[in-house]
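Novice: Predicted structure and sequence below. I'll ask about it afterward.
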Amino acid sequence: MMLSAAAAVQRRSGRRLYVVGPAFGQLLLFVAVPATLLAVFANELVPEGRPPREWVERMYAVRRWTEMPRGGHFAALEEPELLLADVRSFFREVRSA
């Protein structure tokens with residue numbers, strides 16, 4: 001799960017890498033948001049596989065990358081305490097910066 005400081009929530013497996021608009025079909029090189037949280041849940045099944053952190057950091061301003069010990073595709077339902085603690089901690093860091 002990805003969460004930016006702009007509060008845009010995206011699922012890694014469903015995110016769109018292409019611009020929709022005048023430049024339709026162009027690959028994005030970097031997503032300009034102040035900071036991004038990525039919570040990687042242990043049992044999330046992504047057919048393409050998990051992208052390497054280095055690749056994600058090329059497109060997003062990754063401020064926090066958390067490898068969760070459990071949880072899957074429906075992390076907010078399966079492990080709400082883990083997710084909430086990570087999101088709260090992320091926004092505390094963003095506010096204090």
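Specialist: Great, that's in hand. Quick caveat: nothing in here was measured; it's all calculated off a predicted structure. Residues are numbered from 1 along each chain as shown.

Novice: packing partners for the longest helix seen in the chain?
Specialist: As assigned by DSSP state H, the longest helix anywhere in the chain is helix 80-96. Packing contacts for helix 80-96, counted by 3 or more CB pairs under 8 Å, 6 or more residues apart in numbering; DSSP states H and E, involve strand 36-41, strand 62-68, helix 75-78. Quick note: C-beta positions are derived from backbone N, CA and C, even for glycine.

Novice: In the longest one, which residues are buried?
Specialist: Across strand 62-68, burial judged by 16 or more other CB atoms under 10 Å covers 62-64, 66, 68.

Novice: for this protein, what helix or strand is lowest in average pLDDT?
Specialist: Every helix and strand in the chain was compared by mean pLDDT, DSSP states H and E; the lowest is strand 9-10, with a mean of 39.

Novice: Pass me the low-pLDDT residue ranges in the chain, would you?
Specialist: Along the chain, segments meeting pLDDT under 70 span 1-30.

Novice: With adjacent residues omitted, what lies nearest to residue 43?
Specialist: Using CB to CB, 6 or more residues apart in numbering and skipping the chain neighbours, the partner closest in space to residue 43 is residue 72 (3.7 Å).
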